[in-house]
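Enquirer: Just need the structure, nothing else, for what follows:
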Amino acid sequence: LAALERQIFDFLGFQWAPILGNFLQIIVVILGLFGTIQFRPRYIVVYTVWTALWVTWNVFIICFYLEVGGLSKETDLMTFNISMHRSWWREHGPGCIRRVVRPSAPGILDDYSYVSVTGCMIDFQYLEVIHSAIQILLSV
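Expert: Numbering: from 1, shown residues only. You can find the predicted model right below:
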């Protein structure tokens with residue numbers, strides 16, 4: 001259920017890399033449950049290997065949002081450099097007040113706007129880190 005919840009919020013933010021990872025997680029969990037119930041050792045081995053990869057992926061997500069090393073949360077890495085979408089939590093976190101500010105410069109398209117976010121109780125990167133930490137705890 002935690003992977004499904006995470007999948008929904010990644011879809012809202014158009015983050016394609018996490019969407020793909022979450023989809024694989026959901027499929028492999030179903031296979032792992034089936035393998036456990038039916039005692040199919042190959043499925044259990046696949047689930048075990050995937051769990052190691054899943055934990056590694058979530059550690060990467062934590063490092064990405066905390067900007068460990070040369071990683072930056074401002075890059076388009078999570079969207080495969082296809083779009084400029086970001087985490088849904090950036091603008092819709094708990095307590096966040098979202099304001100759309102129209103640019104006043106001439107020549108800028110009317111439909112282009114800036115988004116100002118203030119008053120968040122917790123920054124979006126920490127919400128993403130919490131989601132990944134929960135996934136790691138559930139995997140272990």
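
Enquirer: Going by secondary structure, the closest residue to residue 71 other than its chain neighbours is in what exactly?
Expert: Once flanking residues are discounted, residue 71 sits nearest to residue 64: 4.9 Å by C-beta to C-beta, 6 or more residues apart in numbering. Backbone N, C-alpha and C define where each C-beta goes, glycine included. In this structure, residue 64 sits in helix 41-65 according to DSSP states H and E.

Enquirer: about what we covered before: let me see the contact set for the residue nearest to residue 71.
Expert: Applying C-beta atoms under 8 Å, 6 or more residues apart in numbering to residue 64 gives the contacts 71, 73, 77-78.

Enquirer: In PyMOL, select just the buried ones from the residues you listed.
Expert: In PyMOL syntax, the buried subset of those is picked out as below (16 or more other C-beta atoms under 10 Å):
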select buried, resi 73+78
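
Enquirer: ok, of the contacts of residue 64, which one's closest to residue 101?
Expert: Of all these, residue 73 has the smallest distance to residue 101: 21.7 Å, by C-beta to C-beta.

Enquirer: Could you report the distance from the closest residue in space to the closest one that isn't next to it in sequence to residue 38?
Expert: Nearest non-adjacent residue to residue 73, counting by C-beta to C-beta, 6+ apart: residue 65, 5.3 Å away. Taking C-beta to C-beta, to the nearest Å as the measure, residue 65 falls 38 Å from residue 38.

Enquirer: follow-up on the earlier one: how far away is the residue nearest to residue 71 from residue 24?
Expert: Taking C-beta to C-beta, one finds residue 64 at 18 Å from residue 24.

Enquirer: Likewise for residue 37?
Expert: 20 Å.

Enquirer: Same question for residue 127.
Expert: 22 Å.

Enquirer: Report the backbone C-alpha coordinates of the lowest-mean-pLDDT helix or strand in the chain in PDB.
Expert: One helix or strand of the chain scores below all others by mean pLDDT, DSSP states H and E: strand 114-118, with a mean of 75. Extracted in PDB, the C-alpha atoms of strand 114-118 (Å, rounded to 0.1, in the frame of the first residue of the first chain):
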ATOM      1  CA  TYR A 114       5.700  31.600 -11.600                       C
ATOM      2  CA  VAL A 115       4.600  29.800  -8.500                       C
ATOM      3  CA  SER A 116       5.500  31.100  -5.100                       C
ATOM      4  CA  VAL A 117       5.200  28.700  -2.200                       C
ATOM      5  CA  THR A 118       5.300  29.800   1.500                       C
END
